[in-house]
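> Let me see the structure of the following:
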Amino acid sequence: MTQTRPPLFDFAASQNARARAARLAGDRFLDQAAAEGLADRLAAVTRKFERGLWVGDAPAPEIVPFATHWTSMPFDSREILAVEGSFDLAVSLYSLQAVNDLPGALVQIRRALKPDGLFVGALLGGATLSELRDAFAHAETATRGGISPRVSPLADVRDVGALLQRAGFALPVSDVERLTVRYKDFSGLARDLRAHGLTNVLAERSRKPLRRDTLAALLGHYAEHHAEDGKLLARFETIYLTGWTPHDSQQQPLKPGSAKSRLAEALGTDEQPLKDR
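Predicted coordinates for the structure are as follows:
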């Protein structure tokens, strides 16, 4: 009998957070910066894509020019990408953030692409909101004797690169951009998180309101340990993913021992044999 691992994220809560973010008139600077980052990476590709798949609700204006026709499709509550046909390009802008089975989601995206199709995506990285994570842990430990899930676990850039390979993408690349935002007060940070749909959607999150003494301890720790010149600091880290579906025309790594010249010759130096130990 196989045991099903409980979900990390609450799909309904994630949908509600995204819907509320769409209603708010906040400055979604992370979405804007990530869309521009994805556009920069697509601009470096010397190819015009015919059919584009936007993994989400609607393609960002910065991405629209890179494909002639777009299909928009988010993952459903079963984490299935219900698309038909093959695409030349697939783009995800933070839409994989609350997916429980990220490797499986990447496999589905690869399968939706034609051979030599391109996937580019953006995910929040592990350093994101590390100050908030630390402040919550300190405050709950001090006032409640333990911590509850408050900030989602996030991937490391090296882990994401390995996931691309695991999902069957060729020529995988992952890189990271970091941004530190300075806030006048904690309410500004909370407002921006709501505007981006980055509120707590963990399945095991506490449903109880944050206690006043816990909030006071959080604010005090944050101001003491994560502030500069009277401003609260909040780090955001965006990981960019790039991968191609395999194709015979793609560059292949050389087999070991197939080099026709020595490294010493290329470097213009003398080759020194290692001494026996």
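
> Would you map the helices across the chain?
11-23, 29-43, 102-112, 130-144, 157-166, 186-195, 212-225, 263-267 (DSSP state H).

> So which of these is nearest residue 84?
Nearest of these to residue 84, taken as CB to CB: helix 102-112 at 9.0 Å. Just so you know, the C-beta spots here come from the backbone N, C-alpha and C atoms, and that holds for glycine as well.

> you'd agree residue 132 is up against residue 222?
Yes. Residue 132 lies in contact with residue 222 (CB atoms under 8 Å); the separation is 7.5 Å.

> got any residues that touch both of the two?
Both residue 132 and residue 222 lack any common contact, where contact means CB atoms under 8 Å, 6 or more residues apart in numbering.

> Below-threshold pLDDT in the protein: ranges please.
The chain contains residues with pLDDT under 70 at 1-4, 247, 249-277.

> go with 90
Scanning the chain for pLDDT under 90 picks out 1-8, 22, 24-27, 46-48, 84-85, 145-161, 204-210, 247-277.

> which other residues reach stretch 101-114?
Stretch 101-114 has contacts (CB under 8 Å, 6+ apart) with 53, 55, 75, 79-81, 83, 86-90, 92, 96, 99, 119, 155, 163-164, 166-169, 243, 245.

> Filter these down to just the ones in strands.
53, 87, 88, 89, 90, 92, 119, 243 (DSSP state E).

> got these as CSV, with neighbour count and distance to residue 43 columns?
Formatted as CSV, these follow (neighbours: other CB atoms under 10 Å; distance: CB to CB, whole Å):
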residue, neighbour count, distance to residue 43
53, 27, 19
87, 25, 19
88, 21, 16
89, 24, 13
90, 28, 17
92, 25, 18
119, 25, 16
243, 27, 18
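
> between those, which is closest to residue 213?
Of all the ones in strands among the contacts of stretch 101-114, residue 213 sits closest to residue 92, with 40.2 Å by CB to CB.

> So in terms of bridging, what pairs with the closest one?
residue 121 (DSSP bridges).

> In contact with it, which residues?
Residues counted as contacts of residue 92 (CB under 8 Å, 6+ apart) are 55, 56, 109, 119, 120, 121, 122.

> picking up where we left off before, could you work out which of the helices of the chain reaches nearest to residue 233?
Ranking the helices of the chain by distance to residue 233, with CB to CB as the measure, places helix 130-144 first at 6.0 Å.

> Pull the residues that contact the closest one.
By CB under 8 Å, 6+ apart, the residues outside helix 130-144 that reach it are 146-148, 150-151, 189, 211, 213-215, 217-219, 221-222, 225-226, 232-235.

> re earlier: among the ones in strands among the contacts of stretch 101-114, which pair sits farthest apart?
Farthest-apart pair in those is 88 and 92; separation 15.2 Å (CB to CB).

> my guess is residue 246 meets residue 168, correct?
Yes. Residue 246 lies in contact with residue 168 (CB under 8 Å); the separation is 7.2 Å.

> Any chance of a markdown table for the contacts of residue 92, columns distance to residue 138?
A markdown table is the format used below for the contacts of residue 92 (distance: CB to CB, whole Å):
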| residue | distance to residue 138 |
| --- | --- |
| 55 | 36 |
| 56 | 35 |
| 109 | 38 |
| 119 | 39 |
| 120 | 37 |
| 121 | 33 |
| 122 | 30 |
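
> Among those residues, find me the one that's closest to residue 194.
The closest of the contacts of residue 92, once distances to residue 194 are taken by CB to CB, is residue 56, at 18.7 Å.

> Let me know the distance separating the closest residue to that closest one other than its chain neighbours from residue 245.
Excluding the flanking residues, the one nearest residue 56 by CB to CB, 6 or more residues apart in numbering is residue 95, at 4.0 Å. Counting by CB to CB, to the nearest Å, the gap from residue 95 to residue 245 is 19 Å.
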